[in-house]
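K.L.:
Task: produce atomic coordinates for the following.
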Amino acid sequence: MCGIVGYVGPKPVVPIIVEGLRRLEYRGYDSAGIAVGAAGAEKLSILRAPGKLRNMEDALRTHPLEGSYGIGHTRWATHGRPTEENAHPHRDCTGRLVVVHNGIVENYLELKRELTAQGHTFVTETDTEIIAHLIEEIQREAVRAGHKLALEDAVRRTVKRLSGAFALGVLSSEEPDKIVAARMGPPVVIGVGAGEAFIASDVPGILHHTRDIYFLNDGDMAILTRSGVTLTDFDGQPVERTLQRVTWDPIQAEKGGFKHFMLKEIWEQPRAIRETTMARVSLATGQVFLDEAGLTDEELRAVSSVQMAACGTSWHAAIAGKYMIERLARVPVDVDYASEYRYRSPLADKNALGMVITQSGETADTLAAQREMIALGLKTVAICNVVGAMVTREATGTIITHAGPEIGVASTKAFTSQITALLLFALRLAQARGTIGQAESLQLVEELGRIPARMEEMLPRISAQCEELAKTFGQARDFLYLGRGIHYPIALEGALKLKEISYIHAEGYPAGEMKHGPNALIDEQLPVVVLATQDADDAGSKLRYEKTLSNLQEVTARSGRVIAIAVEGQGEIGGLVEQVIEIPRAPEMLLPLVEIVPLQLLAYHIAVRRGCDVDQPRNLAKSVTVE
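P.N.:
Residues are numbered from 1 along each chain as shown. Coordinates of the predicted model:
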């Protein structure tokens, strides 16, 4: 996740780019850079700096740049360390062409070998640099064939050779006052002004200069000049996109056209999962790389147990993580509410590992629990969504969840990113301890890679279904959520989402506990949401599913109103319950990522129907910084 801002026009380019990057700095903290061109200049002027944007601003004060067109970038490192060398923009061999890039080029090693053999020299560890050299090589080939290829035509040929996700901005000093942009995955917006044009990775980066915006679709390309913006597809065919007049203030603009931040963040979960996984797994071997966790293979093999502490939604993620770690790595895990951890006189041997999970990294109870773990002599790993937050500064190592800023108080994409990070940690621990084979690792990694696309496919269908269900169940006074095994914490999280934003009383229970009290609550007024999913290739999952079906029938026999979450193809459930929401198939350990989505959407649509303040529910704050 990175920030991009570019400009072509009559105004001084550097202040516009720096201001825009400042508004998008939440998208990347590791390094920043800017490339500026002027008519008649043989090469582009480039300045880059590691660390936060202010480091680049300091450098600009001592080495000012001037020009009429340019592009800037703030980076969240994926390929290569956060150094000046690896910062964007990246150059070709001549220094006349630069590229900025959000996303990942999955076939960059193959392309790098090919380009190296053709005489190109690489100076960075990034995947982005190959894009600049590939454009250069394509233009060289055209010259050798006796004609010159326009920058946009070279970019078109280039993007067809890239595998992965990308948002690109490309400049060339040989074609001044032009920026070429392309999108396949990460967002790109194009702004239009009088004799000027802008590119950004999100609206707030350019909103203070123009409110006339094109939102590029996947497969779109834009050519920005002073005379206007031309939109085409990757084949060069013209495409029509509506020029939207943005009337929101900067905070509203961040909603990207969604009615609420929460809904936007629910729809952003595929991207959040992709970016949390990105550059941490090998699709060739299934190996997981978590160097930032700060633990060697030897230290991971020595771990005798894991002690987790978290609050709220993060606590539910921790419980799901317990199932993952114990099953894959065969290490016992204890999960505590962070607010209770230090008050129970916890015990830990010297080989226990502490783990704290927090979206903000500033939660007071979680910080207190972490400090108690450190006082007990434990190494601690923090799973956090904010680079540089307090909890990360005090930890032995961190696993950053690249969910991006989450503005809605009720957490959604941060939760699924935490689940993703916990699965990666469980796999890393299992691989170090030798409790999982390469074939099983590779299968889980490959299936994890398929989850975002499956989620994107199901979101429109499930959102519409949940909106209809809200009409039926929106006035209920109570809800019950049931799940078994790893699905139990997802039931807890579904209940929490509903109570947080709709103010309906809701409880999550292990399905096996129904006979031990909750059955007394069931009547014709009580909606019961049952996580009745299964992995048909997993014997344990099938057994839990069969037992859950028995619980489901207990509810319907007592006139309870069941909403079942089921995997596609489980036809027998349709004849047993009032409502079924179908989700895509997935392995047992990955089902939580998809089955939470309908629970989030159900809560959202019920809250909207009840007229509640979805993004800022009463009595709650995003980051709890006092006990």
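K.L.:
which residues of the stretch 101-250 of the chain fall in strands?
P.N.:
If DSSP state E, counting those that start in this stretch is used as the criterion, the strands of the stretch 101-250 of the chain fall at 164-172, 178-184, 189-193, 196-200, 212-215, 220-225, 228-233, 244-245.
K.L.:
Indicate which one of the ones you listed is closest to residue 284.
P.N.:
Distance to residue 284, taken as C-beta to C-beta, is lowest for strand 164-172 among those, at 14.5 Å. C-beta coordinates here come from the backbone N, C-alpha and C atoms, glycine included.
K.L.:
re earlier: and among the strands of the stretch 101-250 of the chain, the most buried is which?
P.N.:
strand 196-200 (a mean of 27; mean count of other C-beta atoms under 10 Å).
K.L.:
tell me the pLDDT at the nearest residue to residue 586 once chain neighbours are set aside?
P.N.:
Once flanking residues are discounted, residue 586 sits nearest to residue 594: 5.8 Å by C-beta to C-beta, 6 or more residues apart in numbering. Note on residue 594: pLDDT of 97.
K.L.:
Surely residue 594 forms part of a helix?
P.N.:
Yes - according to DSSP: H, G, I helix; E, B strand; the rest coil, residue 594 belongs to a helix.
K.L.:
And it, how far from residue 438?
P.N.:
Using C-beta to C-beta, to the nearest Å, residue 594 is found at 25 Å from residue 438.
K.L.:
Of the two, give the one with the bigger neighbour count.
P.N.:
More crowded of residue 594 and residue 438, by other C-beta atoms under 10 Å: residue 594, with 23 against 11.
K.L.:
returning to that earlier point: the strands of the stretch 101-250 of the chain: lowest mean pLDDT?
P.N.:
For those, mean pLDDT drops lowest on strand 244-245, to a mean of 80.
K.L.:
from the middle of its chain, how far away would that strand be?
P.N.:
How far strand 244-245 lies from its chain's middle: 27 Å, per C-alpha atoms, centre = their mean, to the nearest Å.
K.L.:
looking at this protein, which residue lies furthest from center?
P.N.:
residue 146 (45.1 Å; C-alpha atoms, centre = their mean).
K.L.:
rewinding a little: mind checking which of the strands of the stretch 101-250 of the chain is nearest residue 19?
P.N.:
Between the strands of the stretch 101-250 of the chain, strand 196-200 lies closest to residue 19; by C-beta to C-beta that is 11.2 Å.
K.L.:
So what are the sheet partners of that closest one and their directions?
P.N.:
strand 3-8 (antiparallel), strand 189-193 (antiparallel) (DSSP bridges).
K.L.:
what's the span of stretch 378-387, first residue to last?
P.N.:
Distance between the two ends of stretch 378-387: 22 Å, counting by C-alpha to C-alpha, to the nearest Å.
K.L.:
Contact partners for the residue nearest the centre of the chain?
P.N.:
Residue closest to the average C-alpha location in the chain (C-alpha atoms, centre = their mean): residue 272, at 1.2 Å. If you count contacts by C-beta atoms under 8 Å, 6 or more residues apart in numbering, residue 272 has them with 401, 402, 403, 404, 413, 414, 416, 417, 420.
K.L.:
ok, for the last one, nearest residue in space, not its chain neighbours?
P.N.:
In this case it means residue 420. residue 276 is the one closest to residue 420 (C-beta to C-beta, 6+ apart), at 4.5 Å.
K.L.:
Quick check: the gap between that neighbour and residue 422.
P.N.:
10 Å.
K.L.:
Which one, of the strands of the stretch 101-250 of the chain, ends up nearest to residue 66?
P.N.:
Among the strands of the stretch 101-250 of the chain, the nearest to residue 66 by C-beta to C-beta is strand 164-172 (15.1 Å).
K.L.:
Sketch out the low-pLDDT regions of the stretch 51-200 of the chain for me.
P.N.:
76-87 (pLDDT under 70).
K.L.:
Run through the helices of it in chain order.
P.N.:
53-62, 108-117, 129-144, 151-159 (DSSP state H, counting those that start in this stretch).
K.L.:
ok, the residue nearest to residue 559 when sequence neighbours are not counted - how many residues close by?
P.N.:
Of all residues not flanking residue 559 in the chain, residue 524 sits nearest, at 4.2 Å (C-beta to C-beta, 6+ apart). A count of nearby residues for residue 524, using other C-beta under 10 Å, gives 8.
K.L.:
right, and residue 524 touches residue 561 too?
P.N.:
Yes - counting by C-beta atoms under 8 Å, residue 524 touches residue 561, with 7.0 Å between them.
K.L.:
Give the rounded mean pLDDT of stretch 358-374.
P.N.:
Mean pLDDT, stretch 358-374: 87.
K.L.:
Centre of the chain to it, how far?
P.N.:
Distance of stretch 358-374 from the chain centroid (C-alpha atoms, centre = their mean) equals 22 Å.
K.L.:
Would you mark the buried spots in that stretch?
P.N.:
358-370, 372-373 (16 or more other C-beta atoms under 10 Å).
K.L.:
Check stretch 340-350 too.
P.N.:
341, 342, 346, 348.
K.L.:
just stretch 292-308 next, same as before
P.N.:
Those would be 293, 294, 295, 299, 300, 303, 306, 307, 308, for stretch 292-308 by 16+ other C-beta under 10 Å.
K.L.:
Straight-line length of it, end to end?
P.N.:
Chord length of stretch 292-308, first to last residue, is 18 Å (C-alpha to C-alpha).
K.L.:
Please apply the same query to stretch 326-337.
P.N.:
End-to-end span of stretch 326-337 (C-alpha to C-alpha): 19 Å.
K.L.:
buried residues in that stretch?
P.N.:
327, 328, 329, 331, 333, 334, 335, 336, 337.
K.L.:
for that stretch, the distance to its chain's centre please.
P.N.:
Distance, centroid of stretch 326-337 to centroid of chain: 25 Å (C-alpha atoms, centre = their mean).
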